[in-house]
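Enquirer: Sequence and predicted structure are below.
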Amino acid sequence: MIARDRVSKLTANLVLLGLGVLFILPLLWVLFASVNRTAGLRVELPTSPTFDNFKAVLNVTTTYRPVLNGLVLCGGSALLTMVCSVLAAYPLSRFKTKFNRPFLLTVLFCTGLPITAVMVPVYGLFVQLNLIDTLGGTIMFMATSSLPFAIWLTKTFMDGVPISLEEAAWVDGASNMQALRRIVLPLMWPGIAVVGIFTFIGMWGNFFVPFMLLLSPERLPASVSIFTFFGQYGEPNYGQLAAYSLIYTMPVLLLYLLLSRKLGGAFALGGAIKG
């Protein structure tokens, strides 16, 4: 029996080790190729490390403007998504009606709807409303596409805040919106931060939506401009592509590092209610 348990643990560890190797190899390729003047598809240590690849891509057209466009698009969409998800999740969490379950099931259905299934009518609508090739229209659609998942996640976090705290505020004369702003949101802000991080990360890697709705090269985000390494220059320069990929991941990494310390032990509600 003991030998069988050891074999099972060893097998599980070997499987996990194999999966870890499969995940780490692409990361190693990006790191090594970014400082390799003659980078190819093989994972190999550079013989003479150089930062020429970074110097080649660090310019306004290739990196600075697309990254700024991506920050505007994803930041604006994430902010709009968080605001709308809080306003939608609050009545679902606090007021029990016969419409809650059908609404939540509808939202759940929307989370499984592929974005490619709605892009054709959305594109036609944007043409009629003159929203094609506008950052504002793209922000609104990206926020709308991420809203179903954000509503579910926000409602889950909001359910963890005791309603008795709001009832005490209502007794003191606070309105629903005042209780939401002064009681609920301060207690669930780590959950809102989680929604914002997931939303931003999902949008940061979104290629299809901005590729379809934005036409001008000066408005394209980094997730689309990376496509030019494959489309316009023939065979890509793998070293520059790896360097650009590292720069492309920095905003998401910095966002996570800035908020990760604040997300540990998210809801400190212990002691909020006594007796």
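Expert: Okay, I see it.
Enquirer: Only C-alpha atoms from now on, for both contacts and neighbour counts.
Expert: OK.
Enquirer: Pick out the residue closest to the middle of this structure.
Expert: The chain has I201 as the residue nearest its centroid, 2.0 Å off, counting by Cα atoms, centre = their mean.
Enquirer: could you pull out the helices for this structure?
Expert: Taking DSSP state H as the test, the helices found in the chain are 2-34, 52-57, 65-94, 100-111, 119-128, 135-159, 163-171, 176-179, 185-204, 208-213, 222-225, 228-231, 238-263.
Enquirer: want to throw the ones you listed into CSV with distance to E44 and mean pLDDT?
Expert: What follows is the helices of the chain, written out as CSV (distance: least, Cα to Cα, whole Å; pLDDT from 0 to 100):
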stretch, distance to E44, mean pLDDT
helix 2-34, 7, 84
helix 52-57, 16, 90
helix 65-94, 29, 92
helix 100-111, 41, 78
helix 119-128, 41, 89
helix 135-159, 39, 90
helix 163-171, 57, 83
helix 176-179, 58, 84
helix 185-204, 29, 87
helix 208-213, 32, 91
helix 222-225, 26, 90
helix 228-231, 21, 71
helix 238-263, 12, 83
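Enquirer: among those helices, which is the most enclosed?
Expert: Counting by mean count of other Cα atoms under 10 Å, helix 222-225 has the highest mean neighbour count of the helices of the chain, with a mean of 22.
Enquirer: packing partners for that one?
Expert: Here helix 222-225 touches helix 65-94, going by 3 or more Cα pairs under 8 Å, 6 or more residues apart in numbering; DSSP states H and E.
Enquirer: so how far is the helix it packs on from its chain's centroid?
Expert: 10 Å (Cα atoms, centre = their mean, to the nearest Å).
Enquirer: And for stretch 241-256?
Expert: Worked out by Cα atoms, centre = their mean, stretch 241-256 lies 13 Å from the chain centre.
Enquirer: hey, C-alpha coordinates of it in CSV?
Expert: The C-alpha coordinates for stretch 241-256 follow below in CSV (Å, rounded to 0.1, in the frame of the first residue of the first chain):
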residue,chain,number,x,y,z
LEU,A,241,9.7,40.0,-31.8
ALA,A,242,10.9,38.5,-28.5
ALA,A,243,12.0,42.0,-27.3
TYR,A,244,8.6,43.5,-28.2
SER,A,245,6.9,40.6,-26.5
LEU,A,246,8.7,41.3,-23.2
ILE,A,247,7.8,45.0,-23.4
TYR,A,248,4.2,44.0,-24.2
THR,A,249,3.9,42.0,-21.1
MET,A,250,5.2,44.7,-18.7
PRO,A,251,1.9,46.7,-18.2
VAL,A,252,0.0,43.6,-17.0
LEU,A,253,2.9,42.4,-14.9
LEU,A,254,3.3,45.8,-13.2
LEU,A,255,-0.5,46.0,-12.6
TYR,A,256,-0.4,42.6,-10.9
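Enquirer: which residues sit in contact with the residue nearest to the centre of the chain?
Expert: By Cα atoms under 8 Å, 6 or more residues apart in numbering, the residues touching I201 are V252.
Enquirer: Quick check: pLDDT value at N237.
Expert: With respect to pLDDT, N237 scores 82.
Enquirer: ok now do it, which residues does it touch?
Expert: Neighbouring residues of N237 by Cα under 8 Å, 6+ apart: A39, F229.
Enquirer: where's it relative to R101, distance?
Expert: 52 Å (Cα to Cα, to the nearest Å).
Enquirer: ok, now T116?
Expert: 27 Å.
Enquirer: With N13 instead?
Expert: Taking Cα to Cα as the measure, N13 falls 42 Å from R101.
Enquirer: Same check on I115?
Expert: With Cα to Cα as the criterion, I115 and R101 are 24 Å apart.
Enquirer: same thing with V30?
Expert: 46 Å.
Enquirer: One more: L71?
Expert: From L71 across to R101, the span is 35 Å (Cα to Cα).
Enquirer: cool, L16 as well?
Expert: 39 Å.
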